[in-house]
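> Structural data only, the sequence is not supplied:
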């Protein structure tokens, strides 16, 4: 309770809002990625994802600026910086996925990419939920559950990644293998970064909850 009070007293509502906006931006980017893999000929989708990534960069810079001018932060400053950086990484990697499909001139969704993109939506929604609850950590059990949900989603992505690679190496085209392996690895890394966010939040919950 005392901790919640210090959070409110420090008048960091603006900081909290920016964190929420950044987490929502991650969900929007993942959803845009699903739209992209539903129709890779929809080239405008690349611009939409790039725009979301640029907006996320601004939000991340705003968070760091707010943290730098705030003497007392509600949680460890380093933890808050890590959350912002990791969410920004998630969005960067999703933008990277979009850029790679464009650069490699992929016009048909490779096997399992749409499924993995949908899992990224699930993972970013978990991140968004957890970030939204940082303001008032009353139900630590609920927070830990959502942290673990993110790991479960990551395991699902790992399974899809392995199936993708297995399928990919049925091809005898080395160029296709190189291109698609790069895309699959970037998608898997985006999922890993969601778990990184969950790990930091779980640390915070255990310290302050």
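Thanks, I have the structure now. Source: prediction; values computed, not measured.
> Could you use CA atoms for every contact and neighbour count after this?
Noted.
> Show me the shaky parts of this structure.
Applying pLDDT under 70 to the chain picks out residues 1-11, 209.
> what about the residue located most distally from the centre of it, which SS state?
The outermost residue of the chain, judged against the average C-alpha position, is residue 172 (33.3 Å), by CA atoms, centre = their mean. Three-state assignment for residue 172 (DSSP: H, G, I helix; E, B strand; the rest coil): coil.
> Can you tell me how far it is from residue 178?
Distance of residue 172 to residue 178, computed by CA to CA, to the nearest Å: 11 Å.
> Please apply the same query to residue 89.
From residue 89 to residue 178 the distance is 23 Å (CA to CA).
> Compare neighbour counts for these two and give me the winner.
residue 89 (21 against 11; other CA atoms under 10 Å).
> host element of that one?
Using DSSP states H and E, residue 89 sits within helix 77-103.
> could you point out which element follows that helix?
That would be, after helix 77-103 and using DSSP H and E, helix 113-132.
> Next, the residues that contact that following helix from outside, please.
With contact meaning CA atoms under 8 Å, 6 or more residues apart in numbering, helix 113-132 is reached by 19-20, 23-24, 26-27, 30-31, 33-34, 37-38, 143, 146-147, 149-150, 153-154, 156-157, 160-161, 184, 187, 190-191, 194, 197-198, 201.
> repeat that with 6 Å
Contacting residues not belonging to helix 113-132 are listed as 20, 23, 26, 27, 30, 31, 34, 37, 150, 157 [CA atoms under 6 Å, 6 or more residues apart in numbering].
> now swap in stretch 41-58 and tell me
For stretch 41-58, contacts defined as CA under 6 Å, 6+ apart pick out 22, 29, 36, 95, 98, 107.
> List just the nearest of those to residue 66.
Using CA to CA, residue 22 comes nearest to residue 66 of the contacts of stretch 41-58, at 13.9 Å.
> quick one, what contacts that closest one?
Taking CA under 6 Å, 6+ apart, we find residue 22 in contact with residue 56.
> Of the contacts of helix 113-132, just say which sits nearest to residue 208.
For the contacts of helix 113-132, the nearest to residue 208 is residue 20 (19.4 Å; CA to CA).
> tell me, what residue is most central in the protein?
residue 90 (3.6 Å).
> these two touch, right, that residue and residue 190?
Yes: if you go by CA atoms under 6 Å, residue 90 and residue 190 touch, sitting 4.9 Å apart.
> name the element residue 136 belongs to?
Residue 136 belongs to no helix or strand when assigned by DSSP H and E.
> Number of residues surrounding residue 206?
12.
> Helix or strand: which one has it?
helix 174-208.
> For residue 28, give its distance to residue 121.
From residue 28 to residue 121 the distance is 8 Å (CA to CA).
> ditto for residue 27
Taken as CA to CA, the span from residue 27 to residue 121 is 6 Å.
> Check the offset of the helix or strand harbouring residue 47 from the chain's centre.
Per DSSP H and E, residue 47 falls inside helix 44-69. With CA atoms, centre = their mean, to the nearest Å as the basis, helix 44-69 stands 13 Å off its chain's centre.
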